[in-house]
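Student: Have a look at this prediction, sequence included:
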Amino acid sequence: MIKIITRKANIDDCENFVRCYLNAYRGLEFYAYSTKRDVRGYFKWLMKRDEKGFFSADILVKTQSFDWELIRGVGFIACDSNWYSKYENNYVCEIHEIFVNREWRGLGIGTLLMREAINYAKQKSRDKLELWVGERNYEAISFYRKFGFLEKEKNGCWIRMVKYIRYPNVR
């Protein structure tokens, strides 16, 4: 039996972030940082951008002795409510990063993290969520579409996707 817990990420999550990031991007290295040093720098940058929109997923696993074991940092999402989108000509919640450790995929962790980001965008009164995804990251593109993200521009090997949270009144 397992329980999934989402919470705000903090500076103590750095090494779990690095380990999980490198695991999650196996096979997609073209779109990712490749050294632990670079990933640590990226983590610190994400914390500075919008610390309150940076979430981690932990799991509690019931062991054979019926105790609960906590496994920290099996997934992360960084949602930046201070991002100015030149495409939208306005501030949006930019999802700079979302990933789940390959060993824990298929349990709904990514879904819970995405819900955290959507709720955070609503709390910040943002009308749109925006993200960029690698054009060959088919699994991620499919995941984003399930949440209502629409494909917009393409820039090199990247696709910009947008989710509208509130729709303007149509006359």
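Tutor: Great, that's in hand.
Student: Alpha carbons only: can I get the longest strand along the chain in CSV?
Tutor: Counting by DSSP state E, the longest strand found in the chain is strand 68-85. Extracted C-alpha coordinates of strand 68-85, given in CSV (Å, rounded to 0.1, in the frame of the first residue of the first chain):
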residue,chain,number,x,y,z
TRP,A,68,5.4,3.3,6.9
GLU,A,69,8.6,4.2,5.0
LEU,A,70,8.8,7.7,3.6
ILE,A,71,10.5,8.1,0.2
ARG,A,72,11.1,11.8,-0.5
GLY,A,73,11.3,13.6,-3.9
VAL,A,74,9.9,11.0,-6.3
GLY,A,75,8.5,13.8,-8.5
PHE,A,76,8.6,17.6,-8.9
ILE,A,77,6.8,20.5,-10.6
ALA,A,78,8.0,24.1,-10.8
CYS,A,79,5.3,26.6,-11.6
ASP,A,80,6.5,30.2,-12.0
SER,A,81,3.7,32.8,-11.5
ASN,A,82,6.1,35.6,-12.2
TRP,A,83,6.8,34.7,-15.8
TYR,A,84,6.1,37.2,-18.5
SER,A,85,5.2,35.4,-21.7
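Student: And it, what's buried?
Tutor: Gly73, Val74, Gly75, Phe76, Ile77, Ala78, Cys79, Asp80, Ser81, Trp83 (16 or more other C-beta atoms under 10 Å). For the C-beta atoms, the positions are set from N, CA and C on the backbone; glycine is no exception.
Student: and the next element down the chain from that strand?
Tutor: strand 90-100 (DSSP states H and E).
Student: Counting neighbours, which bits of that following strand end up buried?
Tutor: Tyr91, Val92, Cys93, Glu94, Ile95, His96, Glu97, Ile98, Phe99, Val100.
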